[in-house]
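Trainee: Have a look at this prediction, sequence included:
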Amino acid sequence: MQATHGPALVCEALDTCADHLFTTRSWILGSAADGERVPGWDEVAGAIGVSRLHLMRARQVHGAAVVVHKKGRERGHRLEDADILVTDDSAVALAIQTADCVPLLIGDRRTGCVAAAHAGWRGLAARVPQIAVEALGREFGSRAGDLVAAIGPSISAPRYEVGAEVRIRFEQTGCTREQLTRWFSKAERPHHWYFDAGCAARDQLGAVGVAASEIHSASLCTASHPEVLCSYRRDGKGAGRMAAAIRAKRV
């Protein structure tokens, strides 16, 4: 879609139950190396139909902690350390930022609640997609079979070479041999692997009951499209950021 501030991606299936978008490099955040430029978040808030004070974010720490906001409760505005946000309140929007990591947005067709999650390899090793689904169930009674998930642009396996310590972390967290085979392929350098973060995210969603037909992936590699997408692996510390934002449908 062409938003006021530049091109953005929208998942048609998710759009039936939640307003949402994935921004691109032409937005203000696309030139913000630290992802904290206030005008950039003003843009995102406006595009999703809220003020910046009603745009709920977190200080992303590559973990799997969850921040919950329930409708009718006062919300603090201090950024908490977390990588998963969930709410049933259409008066607020949830937003995360990425520059290669997996941005995940989830909506519930039945209850209307939503989630936004950020998952790099550490987050995927900590099962962020699974924990996001479980948080929606625990806090709002969501059933995995009613969820729609959209995975935005992230770095692809051919551009994401990692050291042996990354694969070892997944082994230590109990991943099956089948999962390791699907997510990791040998690189040319000894003791290095190519990691398919998008596949890991899809498999983890499916493992907790989200229907394969309701898991939608942009299948765009951030490192391969410098004209439209931000990539830390490609551009280093000067890389901009992209936002993924979601808001429950107003009823």
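Mentor: Ah, there it is.
Trainee: And the most centrally placed residue in the chain, what's its pLDDT?
Mentor: Centroid-nearest residue in the chain: P103, 2.0 Å away (criterion: C-alpha atoms, centre = their mean). On the pLDDT scale, P103 is placed at 98.
Trainee: Paired strands for the helix or strand harbouring it, with orientation please.
Mentor: Assessed by DSSP states H and E, P103 sits inside strand 102-108. With DSSP bridges as the test, strand 102-108 is paired with strand 114-119 (antiparallel), strand 147-151 (antiparallel).
Trainee: if you compare those strands, which one is most tucked away?
Mentor: Among these, strand 114-119 has the highest mean neighbour count (mean count of other C-beta atoms under 10 Å), at a mean of 30. Bear in mind the C-beta positions are built from the backbone N, C-alpha and C, glycine included.
Trainee: what about dumping the CA coordinates of the helix or strand just after it to PDB?
Mentor: Counting by DSSP H and E, the next helix or strand C-terminal to strand 114-119 is helix 121-125. The C-alpha atoms that make up helix 121-125 are tabulated as PDB, following Å, rounded to 0.1, in the frame of the first residue of the first chain:
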ATOM      1  CA  TRP A 121      17.900 -15.400  16.500                       C
ATOM      2  CA  ARG A 122      18.000 -15.000  20.300                       C
ATOM      3  CA  GLY A 123      14.300 -14.300  20.400                       C
ATOM      4  CA  LEU A 124      13.600 -17.300  18.200                       C
ATOM      5  CA  ALA A 125      15.800 -19.500  20.400                       C
END
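Trainee: same question for the very next helix or strand once past helix 121-125, mean pLDDT?
Mentor: Next helix or strand after helix 121-125 toward the C-terminus (DSSP H and E): helix 128-140. Taken as a whole, helix 128-140 has a mean pLDDT of 98.
Trainee: tell me which residues in helix 128-140 are buried?
Mentor: Judged by neighbour count (16 or more other C-beta atoms under 10 Å), helix 128-140 contains these buried residues: V128, P129, Q130, I131, A132, V133, E134, A135, L136, G137, E139, F140.
Trainee: sorry, back to before: compare the strands paired with strand 102-108 and give me the one nearest K237.
Mentor: K237 lies closest, by C-beta to C-beta, to one member of the strands paired with strand 102-108: strand 114-119, at 18.5 Å.
Trainee: Contacts for that closest one, please.
Mentor: Under the criterion C-beta atoms under 8 Å, 6 or more residues apart in numbering, residues 18, 20, 60, 83-88, 94-98, 101-108, 123, 128-129, 132-133, 135-136, 197, 201, 244-248 lie in contact with strand 114-119.
Trainee: Spit out the contact partners of A132.
Mentor: Taking C-beta under 8 Å, 6+ apart as the test, what A132 contacts is V66, I84, V86, L104, I106, A115, A117.
Trainee: which residue ranges form the strands in the stretch 1-150 of the chain?
Mentor: 2-3, 6-9, 18-23, 55-56, 66-69, 84-87, 93-98, 102-108, 114-119, 147-151 (DSSP state E, counting those that start in this stretch).
Trainee: The fourth one pairs with which strands?
Mentor: Counting by DSSP bridges, the strands paired with strand 55-56 are strand 93-98 (parallel).
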